[in-house]
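Chemist: Okay, predicted coordinates and the sequence, questions at the end:
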Amino acid sequence: MILSVDGVVFRYASHLVLNKIKFEVGRGDCLAILGTNGVGKSTLLKCINRILKPQQGVISIEKGELSKLNRREIAQKIGYVSQRQEGDRFTVFDAVILGRKPHITWNITDRDIQIANRIIKMLDLEPFSLRYIDELSGGELQKVVIARALAQEPRVLLLDEPTSNLDLKNQLDVLKIITKIVEEQQIAALVTMHDLNLAIRFANKFILLKERTIFAAGGAEVITPDNIEKVYAVPVAVESFQSIPVVVPL
């Protein structure tokens with residue numbers, strides 16, 4: 001187990017958003033968090049990253065409670081990619097090497113530069129390395145932000161709809177890179193997604209949120225027509241195409 005979420009409750013003022021959320025994620029797991037708009041997927045990631053503080057519950061990473069860590073210590077353990085990105089007057093290289101900030105004590109080291117360059121190459125960002133990020137397309141900027149999170153070398157990677165601005169090729173490429181890093185480095189990734197077929201293709205664990213709590217959780221066995229219809233209010237079939245499960249609305 002690398003991440004434990006135990007009994008998390010979160011309210012905005014008097015509005016209950018998350019109620020008694022409990023799950024664990026192990027090393028090498030890619031967990032897809034699924035559910036309708038407004039069900040609390042993004043809020044859950046923000047609670048795990050301590051951007052928001054739950055009113056109840058305990059969140060632990062590698063058996064250490066996050067509530068007892070400062071922001072720098074949390075950033076050394078958790079990389080976070082939010083839904084909305086903004087350009088700034090940084091080059092792509094500068095933006096990615098900022099991901100090393102939680103690990104830098106005095107000056108940027110050769111190792112920090114090597115890590116940034118390796119990830120830039122991994123995400124096919126080399127042609128943009130010296131471009132300013134406010135000159136990039138939405139999809140290019142999304143890849144830069146993912147690269148910055150990977151440069152943190154986190155133990156847990158939180159990605160809030162990471163493929164929303166990407167074309168089909170880049171969606172597949174980015175998710176392949178993320179799952180490869182998760183497996184090779186034995187970290188964990190938690191990904192919120194709307195595309196069920198992308199989720200099934202790349203995740204090995206799933207949480208279905210409904211009415212502020214977990215409706216179903218587990219492996220591919222929970223991605224059933226019955227569960228999907230109850231969560232999304234849409235009848236579907238789950239078929240297999242070339243050994244890949246595919247959700248088809250009816």
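Modeler: Okay, I see it. Residues are numbered from 1 along each chain as shown.

Chemist: Three-state assignment for the most centrally placed residue in the chain, please.
Modeler: Ranked by distance to the mean C-alpha position of the chain (C-alpha atoms, centre = their mean), the top residue is residue 159 at 2.0 Å. Using DSSP: H, G, I helix; E, B strand; the rest coil, the three-state assignment for residue 159 comes out as strand.

Chemist: hang on, residue 247 in a strand?
Modeler: Yes: counting by three-state DSSP, one finds residue 247 located in a strand.

Chemist: List the residues that contact the residue lying closest to it once chain neighbours are set aside.
Modeler: Here the nearest residue to residue 247 in space, its sequence neighbours aside, is residue 196; by C-beta to C-beta, 6 or more residues apart in numbering that works out to 4.5 Å. Glycine gets a C-beta too; all of them are placed from N, C-alpha and C. If you count contacts by C-beta atoms under 8 Å, 6 or more residues apart in numbering, residue 196 has them with 34, 223, 228, 247.

Chemist: Next one, pLDDT for the second one please.
Modeler: According to the predicted model, the pLDDT of residue 223 comes to 94.

Chemist: That one and residue 238 touch, don't they?
Modeler: Yes: with contact defined as C-beta atoms under 8 Å, residue 223 counts as touching residue 238 (6.4 Å).

Chemist: In stretch 136-154, which residues are buried?
Modeler: Judged by neighbour count (16 or more other C-beta atoms under 10 Å), stretch 136-154 contains these buried residues: 136, 139-154.

Chemist: Repeat that for stretch 121-135.
Modeler: Residues of stretch 121-135 classed as buried: 123, 125, 128, 131, 133 (neighbour count, 16+ other C-beta under 10 Å).
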